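Engineer: A structural model of the following input is requested.
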Amino acid sequence: MTEVLKATKRTEGGTRKARALRKEGLLPAVLYGHGEETISLALNTHDMELAIKHGDKLLNIDVEGKHQNVLIKAIQYDTWGQNVLHVDLTRVDLDELVTVTVKLHLLGTPVGVEAGGSLQQPLTSVEIQCRVDQIPEEIRIQVNELNIDDAIHLSDVELPEGSELLSDPEALVCNVITIAEEVEAEPSEEGEESAEPEVIGAKPDEEETDEN
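Structural biologist: Presented below is the predicted three-dimensional model:
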């Protein structure tokens, strides 16, 4: 658990007020759960971003003198996915079970990669259920022994004690594949003209999300 984060109640909402808060180095947030009232908060942006960067999910916040254990439920980022715009927090007891998404971190270099293969990781996180005070920052998976065509599925991953897997156990976490060799084009016979390929390109539309 991270150090105590101070928070203040805010009574005014809306996009304009949220932008004004961010200019002051404060982050808009909402706190709910456990049958208590939903309240709007303002937290120090730097402190919250630091907690998120460190992978903290369970926080202790001081709302004007009242300490509460809270879980980061949702994070809203800007269009570029860099700056945090808003967070949802939910009240929790330290002994209750919660559902969380935890990052999967691969450790080591597979022997198959040293033999010329390529390590692929289609799955980067997993959903588990565990006690609030036992939420792991990440789940580490050793991949040193993987040869070419070897794979690791979620069912092969050792979870922290007390955790229950909620994601599909057959989901592929990572595997080592053979790198396809480039086929060199054969030179054209004398007298033959080589046709230039037609290049067709379209710039993808950039989606813009409205700030909430």
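
Engineer: strands of the protein, start to end?
Structural biologist: 5-9, 26-33, 36-44, 58-63, 66-77, 84-91, 97-107, 117-120, 125-131, 138-142, 151-153, 164-165, 172-178 (DSSP state E).

Engineer: what is the neighbour count of Cys130?
Structural biologist: 19 (other C-beta atoms under 10 Å). C-beta: built from backbone N, CA, C; applies to glycine.

Engineer: same thing with Gly112?
Structural biologist: 21.

Engineer: buried stuff in the worst-scoring helix or strand of the chain on mean pLDDT?
Structural biologist: Taking mean pLDDT, DSSP states H and E as the measure, the chain has helix 15-23 as its least confident helix or strand, at a mean of 86. The neighbour-count check on helix 15-23 (16 or more other C-beta atoms under 10 Å) flags 18, 21-22 as buried.

Engineer: residues in contact with the spatially most central residue of the chain?
Structural biologist: Centroid check for the chain by C-alpha atoms, centre = their mean gives Lys103 as the closest residue, at 6.5 Å. By C-beta atoms under 8 Å, 6 or more residues apart in numbering, the residues touching Lys103 are 55, 124-125, 137-139.

Engineer: related to what we said a few turns ago, which other helices and strands does the least confident helix or strand of the chain contact?
Structural biologist: Helices and strands touching helix 15-23, by 3 or more C-beta pairs under 8 Å, 6 or more residues apart in numbering; DSSP states H and E, are strand 26-33, strand 84-91.

Engineer: before we move on, the earlier item: tell me which residues form a beta bridge with the residue nearest to the centre of the chain?
Structural biologist: Lys103 has these beta-bridge partners by DSSP bridges: Ser125, Glu138.

Engineer: wait, isn't Leu172 in contact with Gln121?
Structural biologist: No. Leu172 lies out of contact with Gln121 (C-beta atoms under 8 Å); the separation is 9.1 Å.

Engineer: with adjacent residues omitted, what lies nearest to Asn175?
Structural biologist: Ala151 (3.7 Å; C-beta to C-beta, 6 or more residues apart in numbering).

Engineer: kindly report the domain assignment for this structure.
Structural biologist: 5-92, 99-178 (automatic domain parsing).

Engineer: by mean pLDDT, show me the worst of these.
Structural biologist: Mean pLDDT is lowest for domain 5-92 among these, at a mean of 91.
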